[in-house]
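Asks: Predicted structure and sequence below. I'll ask about it afterward.
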Amino acid sequence: MGVMTVRRWAMLAMAVVAVVACGGSESGGNTTGSTITLGAPLGLTGSLTKESTLTQQGYNLWLDWINARGGIVVNGVKHPVKIKYYDDTSSANQSAVLMQKLITEDKANFLLGPYGSAATATDAAIAEQNQIPMVEANGAAQSIFNQGYKYTFGVLSPANKYLQGVIDMAATLNPKPTTIAMLSADDNFSLEVANAINTYAPTKGMNVVLFKKYKNGATNLAAEVQAAKAVNPDIVLNSGHLTEAIAINKAAKEQKLNAKIFAYSVGPSTPDFITALGADANFVYDGSQWTPQVKYTPAFYLTVAQYVAAYKAKYPSLGDPDYHVAESTAACLALERAIENAGSLDPKKVRDALAALDVTVFFGQIKFDSRGINIYKPMVVEQIQSGVHHTVFPADVADAQPMYPTPAWDQR
Amino acid sequence: MADFVQLVILGLLAGGVYVAVGVGFGLVWGVLNIVNLAHGSLVIVGGYLTWQLFTTLHLDPFLTLPVDAVALFVFGYALQRGVINRIIRAPLLFTFLLTFGLNLIVVNMLLLIFGSDFRSVTPSYSGQGLELGSIVIPYVRLISLGVAIALSASLAFVLNRTRTGLAINAIAADRDAAQLVGIDLRHAYAVTYGLGAACAGVAGGLIAMIQAITPTAGEPYTLQAFVVVILGGLGRVSATVVGGLAFGLVEAFGQSIPGSGSVFANAIAFSLMVLVLVTRPQGLLGRLR
């Protein structure tokens, strides 16, 4: 009799569990689960404020969208999302400290990257130690991904691709340019971009005739521009950041450095480049992760046109979103899709889902190689024409022809 | 040869900016014994004033320089009178802390007002230059050098030929004795800091034409002003002029070293500073005190 009672109770308990479980999955989409906390340290003050703000805009655009839909769906339960930001004052060390704080104190479930390769590198170490996945959109230096980390994923094309598109484009132009003056800032990311050109250009029949490093963040580049002028190059390449790109363009005009192509890795794609330089910004090329003109067919989220419209609605007066914004949104999308695919909030399972991810969104294909960087999405080449950004290469996503060659300064 | 001449010219022209940044910094340091870590942020305030006047009122940027000077003088005077005077006799560390804090406050105020966008003043003649054969002399930089020299000359005039200037000199020589003969220390301190800030404002106006500015763009200039003043020597405006031009030349030639030029440029500038400190602690033209 005693045994029977126990069995009965056990049967009853199982039945109850089954009913509850079924009930749970039936009413699935409507129940609200626990809030998912994402953590992101950003340089909201300090020297990287501009780019960090763009990054935050990208994150917030997605945040609004996902929460308007009730959150990320995990096994039929909608989990609202919260992003906890801290200001790392544009310091990579501070960024790592705050990343740890986000994990231990704020109990962040997953991490979004900071701005820049330096901070991403220090934060990746923290993500790895704590085994919490970090999806980042603004650290392209391959040195981050050559550490054997398993928990850091970058949705953007790596540094070595940044200016290769410009070389590919140059090879199609007539008369074909052959000599390159390469100026580069001395930080990891910029040097990776520049060194890749040193090895890539000869394969396209071009030669780097001048390679000059300068200090990261330099504002006086008169002597560097003078050195470039002395070798009379067909192409002037700069691998640096917005500040240096503006400084080089100003000095090039002042010192009458003329070339058929001026292309800068980072800088011209931001609206500030045009507002700071006015008409002098025309004809400048840059390698871009994304432009508002690209044509990709998204599997979910918005189309490119809808994305641009959503950005303009949320941030009127700022113009089109630049690629920093787009790639940051893409990082959120990668994380969202990986959580859905994992069907779990377990960091290990989400990590595995990220590693296996292969999806195309408005930003392009997101798929990670074994190191965690997205080598599958191509870079595009933009040119500023009459004060407006146009995509000029590759031809299948371009909306304009390159204006080539760049006229001399006194003939504009 | 033409390359060499061009490099000398570019170095001297760049030096003009360092002169403008250095004179105000040197004055405050020499008289008040304050290493003003907020100097770079005052420079950028001047830069934003010029930018604002240029974009909204379409004033020629060089005409906005007097406005920068007056506005920054008033701001600097109030800052010294209201805040810095309270720790003027405290140990050096306190002045470091205070001016560092002021720097943070000014930078973040600028971030709140102007945001972090890069701004640049680009008048129609920007980028134009005088061409002598293969040598180019950009007008904006040439006029900037002229303004920096004129600024230094007027500062020297104020310090050596006016009552206020003589009072400031007296304080620099011996502040207790100056007080004994009836000089109003608090006022004279504030005027000194105001003059330093006014020079920073003019420098900022020049910088806004030469490079793109953001609220944080001033920080390197504080460091450069420090080097320039040590190179030239404390206590004389003309010494800072020499220091600034020397710094510009060293930078230009350092950058032109093949390969990683500007990395050497800084190393050379700082080695030169150490060399000066070891062999001529009073600076190239400074007075021993």
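Replies: Looks like it came in fine. Numbering: from 1, shown residues only, chains lettered A, B, ... in the order given.

Asks: So the helix or strand where A:A251 lies, near chain B or not?
Replies: Using DSSP states H and E, A:A251 maps to helix A:242-254. Yes: using CB under 8 Å from any CB of the partner chain, helix A:242-254 reaches chain B at A:242-243, A:246-247, A:250, A:253-254. Any C-beta I mention is one placed from the backbone N, CA and C, and that applies to glycine too.

Asks: mean confidence score for that helix?
Replies: For helix A:242-254, mean pLDDT rounds to 93.

Asks: Flag every buried residue along it.
Replies: Judged by neighbour count using 16 or more other CB atoms under 10 Å in any protein chain shown, the buried positions of helix A:242-254 are A:242-254.

Asks: which stretches of chain B form helices?
Replies: Secondary structure of chain B (DSSP state H): helices located at B:2-32, B:39-57, B:65-82, B:92-114, B:139-161, B:163-173, B:175-180, B:185-210, B:219-232, B:237-255, B:261-279.

Asks: err, the stretch 201-350 of chain A, not the other one
Replies: Applying DSSP state H, counting those that start in this stretch to the stretch 201-350 of chain A gives helices spanning A:222-231, A:242-254, A:271-277, A:304-314, A:323-342, A:347-355.

Asks: contact partners of stretch A:354-361?
Replies: By CB atoms under 8 Å, 6 or more residues apart in numbering or on different chains, the surrounding residues in contact with stretch A:354-361 are A:133, A:135, A:153, A:296-301, A:330, A:333-335, A:337-338, A:341, A:365-368, A:372.

Asks: First-to-last residue distance for that stretch?
Replies: 15 Å (CA to CA, to the nearest Å).

Asks: how much distance is there from it to the middle of the chain?
Replies: Offset of stretch A:354-361 from its chain centre (CA atoms, centre = their mean, to the nearest Å): 15 Å.

Asks: how about it: buried residues?
Replies: So stretch A:354-361, judged by 16+ other CB under 10 Å, has buried residues A:354-355, A:357, A:359-361.

Asks: Please apply the same query to stretch A:330-344.
Replies: Of the residues in stretch A:330-344, A:330-342 count as buried by neighbour count, 16+ other CB under 10 Å.

Asks: packing partners for the least confident helix or strand in chain B by mean pLDDT?
Replies: Of the helices and strands making up chain B, the lowest-confidence element is helix B:261-279, at a mean of 82, by mean pLDDT, DSSP states H and E. With contacts taken as 3 or more CB pairs under 8 Å, 6 or more residues apart in numbering or on different chains; DSSP states H and E, helix B:261-279 sits against strand A:207-214, helix A:222-231, helix B:219-232, helix B:237-255.

Asks: helices or strands next to the second one in the packing?
Replies: Judged by 3+ CB pairs under 8 Å, 6+ apart, helix A:222-231 is in contact with strand A:179-185, strand A:207-214, helix A:242-254, helix B:2-32, helix B:237-255, helix B:261-279.

Asks: Could you export the ones you listed as a markdown table, including distance to A:Q401?
Replies: Below are the helices and strands packed on helix A:222-231 laid out as a markdown table (distance: least, CB to CB, whole Å):
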| stretch | distance to A:Q401 |
| --- | --- |
| strand A:179-185 | 22 |
| strand A:207-214 | 26 |
| helix A:242-254 | 22 |
| helix B:2-32 | 36 |
| helix B:237-255 | 36 |
| helix B:261-279 | 36 |
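
Asks: So for A:I144, which of the ones you listed sits nearest?
Replies: Closest to A:I144 of the helices and strands packed on helix A:222-231 is strand A:179-185 (CB to CB; 17.2 Å).

Asks: So what are the sheet partners of that closest one and their directions?
Replies: Strand pairing for strand A:179-185, using DSSP bridges, gives strand A:207-214 (parallel), strand A:235-239 (parallel).

Asks: Pull out the buried residues from the next helix or strand after that strand.
Replies: Sequence order places helix A:188-200 as the next helix or strand after strand A:179-185, per DSSP H and E. Neighbour counts using 16+ other CB under 10 Å place A:188-197, A:200 of helix A:188-200 among the buried residues.

Asks: Return the closest of the residues you listed with respect to B:A208.
Replies: B:A208 has its nearest neighbour among the buried residues of helix A:188-200 in A:S190, at 25.5 Å by CB to CB.

Asks: Which pLDDT value does the model give that closest one?
Replies: Note for A:S190: predicted pLDDT of 94.

Asks: do the same with A:S27
Replies: Value for A:S27, per-residue pLDDT: 40.

Asks: Point out where the chain drops to low pLDDT.
Replies: Going with chain A. When residues are selected by pLDDT under 70, those of chain A lie in A:1-30.

Asks: Wait, chain B was what I had in mind.
Replies: Under the criterion pLDDT under 70, the flagged ranges of chain B are B:259-262, B:287-289.

Asks: In the stretch 301-412 of chain A, which residue sits nearest chain B?
Replies: Scanning the stretch 301-412 of chain A for proximity to chain B using CB to the nearest CB identifies A:W409 as nearest, at 7.2 Å.

Asks: Contacts only, for that residue.
Replies: Residues in contact with A:W409 (CB under 8 Å, 6+ apart) are A:252-253, A:256, A:258, B:127.

Asks: residues touching the closest residue to A:L237 other than its chain neighbours, list them.
Replies: Counting by CB to CB, 6 or more residues apart in numbering or on different chains, A:M182 is the residue found nearest to A:L237 once chain neighbours are left out, at 5.0 Å. By CB under 8 Å, 6+ apart, the contact set of A:M182 is A:194, A:197-198, A:208, A:210-212, A:237, A:239.

Asks: TSV for the residues you listed, including distance to B:Q282?
Replies: Shown next, in TSV, are the contacts of A:M182 (distance: CB to CB, whole Å):
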residue	distance to B:Q282
A:A194	43
A:I197	48
A:N198	47
A:V208	47
A:L210	41
A:F211	41
A:K212	37
A:L237	46
A:S239	43
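
Asks: so which of the residues you listed would you say is closest to chain B?
Replies: A:K212 (5.9 Å).

Asks: so the closest one touches A:E224, yeah?
Replies: Yes: shown here, A:K212 and A:E224 form a contact pair, counting by CB atoms under 8 Å, at 5.4 Å.

Asks: Counting neighbours, go ahead and name the busier of these two.
Replies: More crowded of A:K212 and A:E224, by other CB atoms under 10 Å in any protein chain shown: A:E224, with 26 against 23.

Asks: ok, that one touching A:Y214?
Replies: Yes: A:E224 sits in contact with A:Y214 when judged by CB under 8 Å, with a separation of 5.5 Å.

Asks: distance of the residue nearest to A:L237 from B:A252?
Replies: 20 Å (CB to CB, to the nearest Å).

Asks: same deal with A:I83?
Replies: Note on A:I83: its distance to B:A252, by CB to CB, is 46 Å.

Asks: How about B:V45?
Replies: Taken as CB to CB, the span from B:V45 to B:A252 is 28 Å.

Asks: what's near enough to touch residue 195?
Replies: Picked chain A for this. A:N195 neighbours (CB under 8 Å, 6+ apart): A:N160.

Asks: ah, no, chain B please
Replies: Neighbouring residues of B:L195 by CB under 8 Å, 6+ apart: B:24, B:27, B:73, B:76, B:155, B:158.

Asks: Quick check: closest non-adjacent residue to the second one.
Replies: Translated: B:L27. B:G196 (4.8 Å).

Asks: B:A20 is in contact with that neighbour, correct?
Replies: No: using CB under 8 Å, B:G196 makes no contact with B:A20, being 11.9 Å away.

Asks: between those two, which one's more packed in?
Replies: B:A20 (34 against 29).

Asks: and the more buried one, how far is that from A:Q255?
Replies: From B:A20 to A:Q255 the distance is 21 Å (CB to CB).

Asks: what do you get for A:E105?
Replies: Per CB to CB, A:E105 is found 52 Å from A:Q255.
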